[in-house]
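> predicted model, plus sequence, below.
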Amino acid sequence: MPRRRIDGGATQPSRRNANVVIAFVECHSGYIMIEPPLSIESLQARAASELNQWTGSAARWSAAAPGRVNVIGEHTDYNGGWVLPMAIDRYTVLVAAPGLQADRIRVRSLSLGEQSAVSLSRLSDLSDDKWMRYLQGVLAEYAHRAVVCPPLDIVVASSVPVGGGLSSSAALELAMAHLIEAVTETTWSPSERIRAAVSAERDGAGVPCGIMDQTIVEQGEQGCVLLLDCAQGLISSTIPCDDPQIAWLVIHSGVSHDLADGAYAQRRAECEMICEALQVGSLRDVTPEMITTLTPDLPALSPIQSPIQSPIQSRLKVPFDEVLLRRARHVVTENQRVLAATEALKTANWSTLGELLFESHHSLRDDYQVSCEELDVLVELAQAQDDVFGARMTGGGFGGCIVALVDREALSSVATSISQGYVQRVGLSPQCYRVKPASGADVCAVFA
Ligand code: GAF
């Protein structure tokens, strides 16, 4: 799996690291803590000032959307399963003014240091700039339903790391949806916005994603983790998570992931093959017992060896090999873990929740095979810390971040130890973020 190392992986903070352009960075011995997070207001002020320098215009509209951390439930959303994410206090903010060029949406990204433009009359011509496609896709979804934006000049400022598995793309999409509504004085429901953003991701960016990211980015609640039932597209439970005893520590491996490069789509296709073979509508309908019956000889969490034989295979409609069985086992057991984790979260049973996070990581590493060496090293280092309840990769995988559930008092020492170990073993200095559950996307200002 090709992965890109993010620039500036040295032991000193680099101006070229993701977000460093706009984030306040504290450099401790061996790690970089992006702390405190920039407020929506300060991101908005930076974007407005850039807009004014670039176009001479004052900001007229602004919208913001958070990133997300998925606590547990990975690669279950597109299998009609359960997920347990939270929106986080890292934001993408868009600030806009009436456009100076006819028929154009021009966008400057402060975090990427890039500028791009699309033609409003040719929204289906995909931009060469991948990040622009997310915005273009949302514009096209609104235009399909006769909500047509006038020309705009937009500046994007963000504290959500790009390529970190924290849903920077969903944040961009939902901020754009709210911006379009502010500009056109339209109001769509949250589920209409979520649908538009999911389509933008699938059609515009070519990632056959599920609904988790766009749903939590739109519907996140301050101080809460949400249990989502992805079969129904509904919030099944809202769980307050404000215990001062714990903190959520996100650590960026320094390796960026790119979900559009095929491996994500391949996993999704494998899951569809399993459903076809088992004649079920989705993996939500597969019980743990079915998996146990299908995998009597499948060693628990070991490297893949030879195809297995199972008497039940005679019932299968298409050839079913060990790889597919492992994919199925991950999804089925992950759904169970999400439900168990929800109970643990409700009862503040941090050690049980932590164990579930580790189990989830091992299943993603060995059965679903979407982790990578750097993420595995981070989780191993976290597991060696007494003050870490649990940790796992978060998001689509192949790079990006881990999330660790940590004893609040020990947050700083845990971040230091893991980071120092990581520098020694991988040679990269990770970025650490303490994140808190936050509210979902919204219009944040319409200036007179
Ligand atoms: C990405 C996708 F966009 C989500 O829909 C989800 O499948 C996730 O990977 C894996 O859980 O973030």
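Now that the structure is in, tell me what you want to look at. Note that the structure is a prediction, hence the values are computed from the model and not measured. Residues are numbered from 1 along each chain as shown.

> CA only for contacts and neighbour counts going forward, please
Fine.

> how about the residue in the stretch 201-350 of the chain that the ligand sits nearest to: what's its closest non-neighbour residue?
With CA to the nearest ligand atom as the measure, residue 210 is the residue of the stretch 201-350 of the chain nearest to the ligand, at 3.5 Å. Leaving aside its sequence neighbours, residue 210 sits nearest to residue 78 (CA to CA, 6 or more residues apart in numbering; 4.4 Å).

> and residue 438, by the same measure?
In space, and not counting its chain neighbours, residue 438 is closest to residue 222: 4.0 Å by CA to CA, 6+ apart.

> next up, the contacts around that neighbour.
By CA atoms under 8 Å, 6 or more residues apart in numbering, the residues touching residue 222 are 437, 438, 439.

> what is the burial count for the residue lying closest to residue 367 once chain neighbours are set aside?
What sits nearest to residue 367 in space, not counting adjacent residues and going by CA to CA, 6+ apart, is residue 326, at 4.7 Å. Per other CA atoms under 10 Å, the neighbour tally for residue 326 reads 23.

> begin at 166 from here
In the new count, where the first residue is 166, that last one comes out as residue 491.

> quick check on residue 491: phi, psi?
Residue 491 adopts backbone torsions of phi -70, psi -40, taken as degrees, to the nearest 10.

> give me the domain ranges for the protein.
Recorded structural domains for the chain (assignment: automatic domain parsing) are 169-234+254-403+606-611, 420-600.

> can I get these in a markdown table including mean pLDDT and distance to residue 248?
As requested, those are arranged in a markdown table below (pLDDT from 0 to 100; distance: least, CA to CA, whole Å):
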| stretch | mean pLDDT | distance to residue 248 |
| --- | --- | --- |
| domain 169-234+254-403+606-611 | 88 | 5 |
| domain 420-600 | 86 | 6 |
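
> residue contacts, the residue lying closest to residue 266 once chain neighbours are set aside?
Of all residues not flanking residue 266 in the chain, residue 316 sits nearest, at 6.8 Å (CA to CA, 6+ apart). Contacts of residue 316 were listed using CA under 8 Å, 6+ apart, and they are 263, 264, 265, 266, 267, 268, 269, 270, 285.

> could you check how far the last one is from residue 589?
It refers to residue 285. Per CA to CA, to the nearest Å, residue 285 is found 50 Å from residue 589.

> neighbours of residue 279, how many?
11.

> once you drop chain neighbours, what's closest to it?
Closest residue to residue 279 apart from its sequence neighbours, by CA to CA, 6+ apart: residue 273 at 5.9 Å.

> check which helices and strands the host helix or strand of that neighbour sits against.
Taking DSSP states H and E as the criterion, residue 273 maps to strand 269-274. Under the contact criterion of 3 or more CA pairs under 8 Å, 6 or more residues apart in numbering; DSSP states H and E, strand 269-274 touches strand 279-284, strand 317-323.

> contacting residues around the shortest one?
Judged by CA under 8 Å, 6+ apart, the contacts made with strand 279-284 from elsewhere in the structure are 268, 269, 270, 271, 272, 273, 274, 292, 294, 297, 301.

> list the contacts of the fourth one.
Right, residue 271. Going by CA under 8 Å, 6+ apart, the list of residues near residue 271 reads 264, 280, 281, 282, 283, 317, 318, 319.

> now for the residues you listed: which two are most distant?
264 and 280 (14.2 Å; CA to CA).

> what are the phi and psi values for the residue in the stretch 466-613 of the chain that the ligand sits nearest to?
Across the stretch 466-613 of the chain, the shortest distance to the ligand (CA to the nearest ligand atom) belongs to residue 561, at 3.4 Å. Torsion angles at residue 561 (phi, psi; degrees, to the nearest 10) stand at phi -70, psi -30.

> check the one 5 residues further on too.
Note on residue 566: its backbone torsions stand at phi -110, psi 160 [degrees, to the nearest 10].

> got a list of what it touches?
Here residue 566 is in contact with 329, 330, 331, 415, 416, 417, 418, 540, 558, 559, 560 (CA under 8 Å, 6+ apart).

> again with residue 601
Residue 601 sits in contact with 253, 254, 388, 412, 413, where contact means CA under 8 Å, 6+ apart.

> and if you look at residue 346?
Contacts for residue 346 (CA under 8 Å, 6+ apart) come out as 352, 353.

> what of residue 431?
Contacts of residue 431 (CA under 8 Å, 6+ apart): none.
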